[in-house]
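1. Prediction below, plus the sequence it came from.
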Amino acid sequence: MTGIVFDIRRFAIHDGEGIRTTVFLKGCPMLCKWCQNPEGQALEPEWWRFEDKCIGCGKCRDGIQGVDCPAEAIVQVGREMTAQAVFEKVMEDKVFFDTSGGGVTLSGGDPVFQADFALEILSLCKDAGIRTAIETAMHAPAGVFEKFFDKVDLFIVDIKIMDEKRHIEATGVSNALILQNFEALCKSGRDMLLRIPLVPGYTADSQNLKAIAKYARAVKPDIKIELLNFNPLAASKYRRMHRQYVAGERFGCEEMKAFHKMITEGDID
Amino acid sequence: MTDRIVKLKDDMLSEMRYVSIEQAEIITESYKQTEGQSTIVRRAKALAAALYGMEIRVSEDELIVGNRTAGVRAGVVFPESGISWIDSELETMHSRPQDKFNVHDGDIEKFRKDILPYWQGRSLEDAIRGRIGGEVDEIAKVVKLNQKDHAQGHICPNTEKWLRIGPSGLKAEAQQRAAAATGDKKDFYNSLVIVLDGAVGFIKRYAGLCGQKGMKTSATICESIAQRPPETFHEAVQSLWFLYVILQMESNASSFSPGRADQYLYPFYQKDVQSGVLNDAYALEIIECLWLKFNQIVYLRNSHSARYFAGFPIGFNIAVGGRNADGSDASNALSYLFLKAQGEVGLPQPNLSARLHSGSPAEFVEACARVIGKGSGMPQIFNDEAVIPALEGQGISGEDAANYAIVGCVELTTHGNNLGWSDAAMFNLVKALELTLSGGKCLLTGDRIGPDFGSLTDYDTYEKLEDAFARNIAYFTEKMIACCEVIEQVHIETLPSPFLSCVIDDCMAKGLDVTAGGAHYNLSGIQAIQVANIADSLAALKKLVYDEKRIDRNALLDLLKNNYEGGEDIRQILLNKAPKYGNDIPWVDDIGNKWVDFFANGLKSYQNYRGGRYHTGLYTVSAHVPMGQNVGATPDGRKAEEPLADGGMSAVYGRDMNGPTALLKSVSRINSAYGSNGALLNMKFLPDLFKTDEGVRKFAALLHALVALKIIHAQFNVVRREDLIAARQNPEQYRGLTIRVAGYTAYFTELAGDLQEEIIARTSYGDL
Ligand code: SF4
């Protein structure tokens, strides 16, 4: 079967154990205002134009979609691929997975959005002895989400906002499904890592962080929680897509320490 | 580092570099007195005169003493190999773009009055120019012939034997053999005795000077090792250093390498540690003193050669770890101390290499990774799983192959029994491709410099183009070999090397000088330049011109001639619409392999002048910049005179877009058998990767994968771009910043501007 992929990155070293290949699947049911990969939100392919590479050949006078730009100034974001093709691409780094304990990570978008496609990639990889991980926000029907339990060695999940109303405002959806899936996942005993993205004005406040930490530990006392610092670099993508990006800077060392304290103190009370 | 090391390092780096003509004066004087005697005896006497007569200097803080000049990092003028270039460059030596040297007042006059006139017409350089000057120039744009004005070097002597029997033991052996010999052989053995006497005298002079300065320990050590083999670790290290100083005084050559010093010094270390006279802290301090010494000898090159080998690499190459002939791991406590010393001292020399194999302990690989993370570009990594079979493929015994060492930058050799002649020539395959497309005319000048086997306009199929390319390669190979033979002959005639012959097996047994074929192995290495550009250019031609017919042959040839003037759209298509080497695309990488294979096979039909084989290397050192300046626009979208890919196995910079794993996969498709003379892959990582244990482990995993992929070599610059830019702007503040150039490390601020920029531009990985 086929699906839409918008990037495959080799030598990914921040998405799980060892040296990994991260496959970015397009499409996400949520619309977080700070999304790092806004090009991954919609399922359909889109076209971007990089002004600085353009040599002015004039080929794209009537629109950029589908134009074969000689300077690669126009790129198609998102391509249809078969699960088999993705698997073969992943296999190219098998030797590095073997020496590092790494494997494949599905990211997005949200990989559970193209669930059947994702599951087929994961099955192919697992059958070939490759370790699997996914990065997901868990917003999926419970019956769909559970299908991943057997196929994934490490779940990297995130909970962004505890308060439902604020969650809807910032992401466009309620967090009810997310929390339900989180609890099911915890119960399943799978390896998992909880990440909280720090976004100024949205997630990075004491009340929210403490609430997430407290909730998560109540469900799974030994859960690993990681804070993801805000990354303003996505701003250029938003500009290219003519969209508004949340404002903010990376948090400094002291602020990060304070945030860490918030999530560990949640442990105590 | 101890205060002693900090002080010694600082003193050394702040001392001005000068040209030294002292030894040249002594040699000239000696030669005047030995007219009529055989060359080898004259060479021996000239060396002995220098050993007895050169000014020497020691400093109270030194644990290891000795240098070939009183000043440190002096540029030694060496008349026997060639000085006419010095004559023409003396005035600009202090201001040339690369490797500047000051000149003492009065030395220019002395040089022109007392030295130069005597050597005109007598030096190696003059003899070669006299015999094949025209032939060398004729092929110069395709083939860069080396060793035309200096001794070969790139040799790993039998240090183990030197330490086992010492100069007095070697002398006894030579004397014994001399007694039974006649004719040339008698001359040979007598020369050995002369230089060994000189060596003993030299070491004793240091004993005397140390005594005068109150340096009791060093005085005693020097006195002892002048007379008998070393017994302690400290004595052994001091003795080792004298061997290398004297080898440099005899040959003034780029690179004599100690090789696997962690192996042959280990018994001394172990014995001293057991008897309680040595602990690791003291051993480390001795090692670091030796490490500093390696930085005190630099190599004076002409301004042209200084661009090819920027930063005066001298190639004291030490290899740690690796496996034994029986397959077991060889790393020991000294391997780790050597790595530690490198991590602390962080200077360009020694050129530290680590040998990895499939059974290397994780601890050792991680120790290497941590030192690499510190940014001095060392250790560079060699892979036993690729190197040993490659050497065996060149007729080297299994035992000698397993005991391989590295000389110079990345050249491979056996230990103590090989004249590898590893830098015989560099063959610019990219230029040969240019001539294939242009019908033998240089695209830069329009001059005819090769035969006309047809041009791009004539080749209506890709296969025809390939045929013509093959004919061009064969044509220039034949011309090159003819020149190589004459060069070797002249070396035999002018630069016999009796001292070196003492420490290269089988010279003593055969009674034959090392230059004349006395060594057990006699290889010659030719470098195939440059895989990436060949693969990219031919892939673009194949796909866009022949398969897809998207670009017209005539139009493309015109654009190549005009350096893509008015054809930016076509150039962009060539750049972007054909895949490039370094991205794990098998068919493109295979093109690179195919032509290296063709070239290597072509060499097989020749034998070198000493009766040994020609084989190939895949490295350019820093020559990719000047060699690129020699090449017109290429069909991969590269413009005229732009650098070629760096290193040897690297991708053209900026073209490997899929990260380090894809690059390594591409490199692994170039058969490592063709890197038996050495191969070079540059990679650059950001320091962030090495900040956590997890990052170090991931990097170590990459090294393990490199071993599994049978890639011969890789070296790593770990430095932030911003630091390099800052160092360009404020060189004084970054005097100690070292950077991996190409098979060797140099001080970044001492590199010429264009090379600095080039290094800044190389792809870097880490935080993807
Ligand atoms: S097709 Fe590409 S190069 Fe041509 S005008 Fe459009 S963006 Fe520029």
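-> Ah, there it is. Small disclaimer: the values here were computed from a predicted structure and weren't measured.
2. residues near residue B:209, how many?
-> The tally of other residues near residue B:209 (other CB atoms under 10 Å in any protein chain shown) stands at 17. Just so you know, the C-beta spots here come from the backbone N, C-alpha and C atoms, and that holds for glycine as well.
3. er, residue A:222 I mean
-> Residue A:222: 5 neighbours (other CB under 10 Å).
4. any idea how far chain B is from it?
-> Separation of residue A:222 from chain B (CB to the nearest CB, to the nearest Å): 20 Å.
5. just residue A:121 next, same as before
-> For residue A:121, the distance to chain B - CB to the nearest CB - is 19 Å.
6. Report the next helix or strand after the strand or helix carrying that residue in sequence order.
-> Here residue A:121, judged by DSSP states H and E, is contained in helix A:115-127. Once the chain leaves helix A:115-127, the next helix or strand it forms, by DSSP H and E, is strand A:131-136.
7. State the distance from the residue lying closest to residue B:625 once chain neighbours are set aside to residue A:33.
-> Leaving out its chain neighbours, the residue that sits closest to residue B:625 by CB to CB, 6 or more residues apart in numbering or on different chains is residue B:643, at 4.7 Å. Residue B:643 sits 45 Å away from residue A:33, going by CB to CB, to the nearest Å.
8. can you give me the helices for chain A?
-> Remark: helices assigned in chain A by DSSP state H are A:83-91, A:94-100, A:115-127, A:142-146, A:164-171, A:176-188, A:206-219, A:235-240, A:253-268.
9. Any chance of those in a markdown table with mean neighbour count as columns?
-> Below are the helices of chain A laid out as a markdown table (neighbours: other CB atoms under 10 Å in any protein chain shown):
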| stretch | mean neighbour count |
| --- | --- |
| helix A:83-91 | 19 |
| helix A:94-100 | 22 |
| helix A:115-127 | 20 |
| helix A:142-146 | 14 |
| helix A:164-171 | 17 |
| helix A:176-188 | 18 |
| helix A:206-219 | 18 |
| helix A:235-240 | 14 |
| helix A:253-268 | 14 |
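10. For these, which has the smallest mean pLDDT value?
-> Of all those, mean pLDDT reaches its minimum on helix A:235-240 (a mean of 78).
11. average pLDDT across stretch B:244-251?
-> Throughout stretch B:244-251, pLDDT has a mean value of 97.
12. C-alpha coordinates for the helix or strand that contains residue B:219, CSV please?
-> Assigned by DSSP H and E, residue B:219 belongs to helix B:216-227. What follows is helix B:216-227 as a C-alpha-only set of coordinates in CSV (Å, rounded to 0.1, in the frame of the first residue of the first chain):
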residue,chain,number,x,y,z
LYS,B,216,71.7,14.8,35.3
THR,B,217,69.0,12.3,34.2
SER,B,218,69.2,13.2,30.6
ALA,B,219,73.0,13.2,30.7
THR,B,220,73.1,9.7,32.1
ILE,B,221,70.4,8.5,29.7
CYS,B,222,72.2,9.8,26.6
GLU,B,223,75.6,8.5,27.8
SER,B,224,74.0,5.1,28.3
ILE,B,225,72.1,4.8,25.1
ALA,B,226,75.1,5.9,23.1
GLN,B,227,76.9,2.8,24.2
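13. how about that helix: buried residues?
-> Neighbour-count burial for helix B:216-227 flags B:218-219, B:221-226 (criterion: 16 or more other CB atoms under 10 Å in any protein chain shown).
14. picking up where we left off before, who has more neighbours, residue B:643 and residue A:33?
-> Between residue B:643 and residue A:33, residue B:643 has the larger neighbour count (other CB under 10 Å), namely 25 against 17.
15. that older thread, what's the helix holding residue A:121 packed up against?
-> The contact analysis (3 or more CB pairs under 8 Å, 6 or more residues apart in numbering or on different chains; DSSP states H and E) places helix A:115-127 against strand A:2-12, strand A:20-25, helix A:83-91, strand A:103-108, strand A:131-136.
16. circling back: with distance to the ligand as extra columns, can I get the helices of chain A in a markdown table?
-> Listed next are those as a markdown table, based on distance: least, CB to the nearest ligand atom, whole Å:
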| stretch | distance to the ligand |
| --- | --- |
| helix A:83-91 | 26 |
| helix A:94-100 | 35 |
| helix A:115-127 | 31 |
| helix A:142-146 | 40 |
| helix A:164-171 | 34 |
| helix A:176-188 | 40 |
| helix A:206-219 | 43 |
| helix A:235-240 | 13 |
| helix A:253-268 | 40 |
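17. Of these, which is nearest residue B:39?
-> helix A:94-100 (53.9 Å; CB to CB).
18. And for the closest one, what's in contact with it?
-> Contacts to helix A:94-100, defined as CB atoms under 8 Å, 6 or more residues apart in numbering or on different chains, come from residues A:11, A:17-20, A:102-104, A:128, A:130-131, B:661, B:697-698, B:701-702, B:704-705, B:708-709.
19. go with 6 Å
-> Here helix A:94-100 makes contact (CB atoms under 6 Å, 6 or more residues apart in numbering or on different chains) with A:18-19, A:103, A:130, B:661, B:698, B:701, B:704-705, B:708.
20. out of these, who's nearest the ligand?
-> residue B:661 (30.0 Å; CB to the nearest ligand atom).
21. Kindly spell out which helices and strands sit in contact with the helix or strand that that closest one is a member of.
-> Secondary structure from DSSP H and E places residue B:661 in helix B:659-668. Contacts defined by 3 or more CB pairs under 6 Å, 6 or more residues apart in numbering or on different chains; DSSP states H and E place helix B:659-668 against strand A:2-12.
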